[in-house]
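Asker: Attaching a predicted model along with its sequence, questions to come.
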Amino acid sequence: MITRTSPTTDPITEQGGFTLLELLVAITIGSVVLTAVYSIFVTATRVERGAQAVLSPMRSAAYAFSMLGRDVRNLDPLCSASDISCQDSKCQFPVLDEKGNRIWVRYVLKESTLWREERKDKKGKPEKGKPISKMELCSGVVETRFKLTARGHGGSAAVAGATTAVSGPGMIGLVLDFKEGASQRSVFRSQVLLEVTPQQKAG
């Protein structure tokens, strides 16, 4: 009598399971994919942070320039050249408020923050004491430089530090210097044309 034996089979394989080799291959592939995804995520995060580091001072500078431009457009038509004082980290000049009253605006850098202050007018001069309003324009500023540019002959602006030109100052220049890192800086510059020519005091 001849007996036949059926080939032995792995019950795990018969049930559709994975062999040890297949599991190792799957784990290896999964690890590679996860590592690649994590690397992409980290790179994207760094790029986003770098972009924000650049855009943040850019937005702050744009806001400060827009405020300065608005104030210059509201410059008191009866102001004299001596009423406009802009040098280094400070700038002050008279403007007209919404009611047409003269007030004084002052831009000043204090502890790496550029501030805009408003003061009442008292006999043609800014009132001393606390300002009637104070607004933070931008922070993280390393240096602020204001400069008056005198208007030359024929209405063209000539680069000059003196404000004793015949027609008075023609532009207010502002430079904002932001520090981003140990050795990186972002410098933004803007010049605002004075739409009103300051009046010269009679000699």
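Answerer: Arrived safely, thanks for sending.

Asker: Let me know the distance separating Glu127 from Gln191.
Answerer: Glu127 sits 29 Å away from Gln191, going by C-beta to C-beta, to the nearest Å. For the C-beta atoms, the positions are set from N, CA and C on the backbone; glycine is no exception.

Asker: Which of the helices or strands spans Ile27?
Answerer: For Ile27, the host element (DSSP states H and E) is helix 20-73.

Asker: what packs against that helix?
Answerer: With contacts taken as 3 or more C-beta pairs under 8 Å, 6 or more residues apart in numbering; DSSP states H and E, helix 20-73 sits against strand 90-96, strand 113-122, strand 133-139, strand 169-179, strand 185-193.

Asker: what's across from the nearest residue to Ser139 once chain neighbours are set aside in the sheet?
Answerer: The shortest distance from Ser139 to any non-neighbouring residue, by C-beta to C-beta, 6 or more residues apart in numbering, is to Thr113 (4.6 Å). Thr113 has these beta-bridge partners by DSSP bridges: Lys110, Ser139.

Asker: so Thr113 sits right up against Cys138, yeah?
Answerer: Yes. Contact status for Thr113 versus Cys138: in contact at 7.3 Å, counting by C-beta atoms under 8 Å.

Asker: These two: which is more packed in?
Answerer: Cys138 (24 against 14; other C-beta atoms under 10 Å).

Asker: who touches the more buried one in this structure?
Answerer: By C-beta atoms under 8 Å, 6 or more residues apart in numbering, the contact list for Cys138 reads 57, 60-61, 63-64, 113-114, 176.

Asker: which of those residues are buried?
Answerer: 57, 60-61, 64, 114, 176 (16 or more other C-beta atoms under 10 Å).

Asker: Lowest-confidence member of the residues you listed, which is it?
Answerer: In terms of pLDDT, the lowest of the buried ones among the contacts of Cys138 is Pro57, showing 77.

Asker: The spatially closest residue to it that is not a sequence neighbour and Thr113: what is the separation?
Answerer: The shortest distance from Pro57 to any non-neighbouring residue, by C-beta to C-beta, 6+ apart, is to Phe178 (3.8 Å). Separation of Phe178 from Thr113 (C-beta to C-beta) stands at 12 Å.
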